[in-house]
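Chemist: fold the following for me, if possible:
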Amino acid sequence: MRTNLSRSLPSLFALAAVAVLAGTASAAPHPMQSGSSATSATSTTTVATPPMKAVRMHDYGDASKLVFEDAPRPSPAAGELLVRVRAAGVNPVDWKIRSGMFRGGIDFAMPATLGFDVAGEVEAIGEGVTAFKKGDPVFAYVALNRGGGYAQFAIAKASEAARMPAGLDMANAGATPLVALTAWQALFDQGKLAKGQTVLIHGGAGGVGHMAVQLAKWKGAKVIATASADNRDFVKSLGADEVIDYKAVKFEDVVKDVDMVLDTVGGDTTNRSAAVLKRGGVLVTIAGEPNPKTFADRGARATDMLVEPNAGQLAQIAKLMEAGSLKTHVGLKLPLKDASEAHRRSEAGISRGKIVLLVD
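Modeler: Residues are numbered from 1 along each chain as shown. Presented below is the predicted three-dimensional model:
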């Protein structure tokens, strides 16, 4: 789904961190699997006892607004899974929502439970679900208009979930869906990256970036990535052909005529990237606001994007992980009760891979 959300909210980090958002973006309040009785609540607000532990926010603000507490346990409606969550990924979009950055574009009913990456076992299934059964290990990207991953139990639609890759642990599985789907959709759906082409990936050591480097290399592209000097060897190990230290060198001074740029950084990096594209090239950003004229003057184009849940693509990603072609790097693991600290770390900028909350 494409929306103008990133334009209405200039600082939106559309994934990776980024404003990688999904689902039906609406100005109406959403229950965020909070157990709210708001009239906008969907069937996922039907709850069962006993309660569960969850991290919820009762108002927008800083990380202290996240509270570890008892919450109603949701029940699956038709087409849904109840997942016993074992790990939940933390993404920049989480704390951007918490801070109130989306207010006026999307408003959430309180209390709200954040978290859009989940991994765990199927606890129960709703009517009509045939692809999964109780006990199946699954991972999912839960759409932005619902969330709910920072909890012992969460609802995922069957259309959002896939079986976990064989041999993958829960922490890595919980870190994967949002960043992997963002990278996949940016490179292949939006950028149409093909074998033999060249791509420049900004932020190659980050959550989306480190997945994008691997996926582009798997596709047969030449991969150039920007990263700090400390992360050079890490990004090279992912398969990057060249790594540019963005602190020491202006990337536009050393990169020319690439087919595609994937921008996970934003700021002035977005429009500066026009200078490195060949005619007919494309920039896909999940973090910035491209100036169409800047790119048109170079005979190129630019687009922003929002990630969508996609079970089929997630299943393909799982196969790549089973084959050893794709790996998620977890930079930090914390218990669910420390979600506020996870947000502080994410806001400060974890430079390599993902932050994951482990759920008892």
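
Chemist: and for the nearest residue to His58 once chain neighbours are set aside, the neighbour number?
Modeler: Residue nearest to His58 in three dimensions, not counting chain neighbours: Pro111, with 4.8 Å by Cβ to Cβ, 6 or more residues apart in numbering. (Each C-beta comes from the backbone N, C-alpha and C, glycine too.) Pro111 has 19 neighbours, counted by other Cβ atoms under 10 Å.

Chemist: quick check: Pro111 touching Met57?
Modeler: Yes: counting by Cβ atoms under 8 Å, Met57 is a contact partner of Pro111 at 6.5 Å.

Chemist: intersection of neighbour lists for the two?
Modeler: Val67 (Cβ atoms under 8 Å, 6 or more residues apart in numbering).

Chemist: average pLDDT for stretch 178-186?
Modeler: The average of the pLDDT scores along stretch 178-186 is 97.

Chemist: wait, I meant stretch 225-244
Modeler: 97.

Chemist: repeat for stretch 69-87
Modeler: 97.

Chemist: and it, end to end?
Modeler: 17 Å (Cα to Cα, to the nearest Å).

Chemist: got the buried residues for that stretch?
Modeler: Within stretch 69-87, the residues that count as buried by 16 or more other Cβ atoms under 10 Å are 71-77, 80-87.

Chemist: check stretch 148-164 too.
Modeler: 148-158, 160-164.

Chemist: which ones among these lie within strands?
Modeler: 153-157, 161-163 (DSSP state E).

Chemist: low-confidence stretches in this protein?
Modeler: Scanning the chain for pLDDT under 70 picks out the ranges 1-49, 350-351.

Chemist: need phi/psi at the residue nearest to the spatial centre of it.
Modeler: Centroid-nearest residue in the chain, with Cα atoms, centre = their mean: Leu178, separated by 3.1 Å. Main-chain dihedrals, Leu178, degrees, to the nearest 10: phi -60, psi -50.

Chemist: for Ile125, same thing?
Modeler: Dihedral angles for Ile125 - degrees, to the nearest 10 - are phi -120, psi 150.

Chemist: who's in contact with it?
Modeler: Here Ile125 is in contact with 76, 80-82, 132-134, 158 (criterion: Cβ under 8 Å, 6+ apart).

Chemist: rerun at 10 Å
Modeler: By Cβ atoms under 10 Å, 6 or more residues apart in numbering, the residues touching Ile125 are 76, 78-82, 131-134, 136, 158.

Chemist: if I pick the residue lying farthest from the centre of the chain, what's in contact with it?
Modeler: Computed with Cα atoms, centre = their mean, the residue of the chain farthest from its C-alpha average is Asp297, at 31.6 Å. Counting by Cβ under 10 Å, 6+ apart, Asp297 makes contact with 274, 291.

Chemist: how near is it to Ser273?
Modeler: In this view, Asp297 and Ser273 are 13 Å apart by Cβ to Cβ, to the nearest Å.

Chemist: now Leu200
Modeler: 7 Å.

Chemist: which neighbours do those two have in common?
Modeler: By Cβ under 10 Å, 6+ apart, the residues touching both Leu200 and Ser273 are 251-252, 255, 258, 261-263, 281, 283.

Chemist: just the buried members of these?
Modeler: By 16+ other Cβ under 10 Å, the shared contacts of Leu200 and Ser273 give 251, 255, 258, 261-263, 281, 283 as buried.

Chemist: mind putting those residues into TSV with secondary structure and distance to Ile125?
Modeler: Formatted as TSV, these follow (DSSP: H, G, I helix; E, B strand; the rest coil; distance: Cβ to Cβ, whole Å):
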residue	secondary structure	distance to Ile125
Phe251	helix	48
Val255	coil	49
Val258	strand	45
Val261	strand	42
Leu262	strand	36
Asp263	strand	39
Gly281	strand	45
Leu283	strand	41
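
Chemist: widest-spaced pair of the residues you listed?
Modeler: Phe251 and Gly281 (14.5 Å; Cβ to Cβ).
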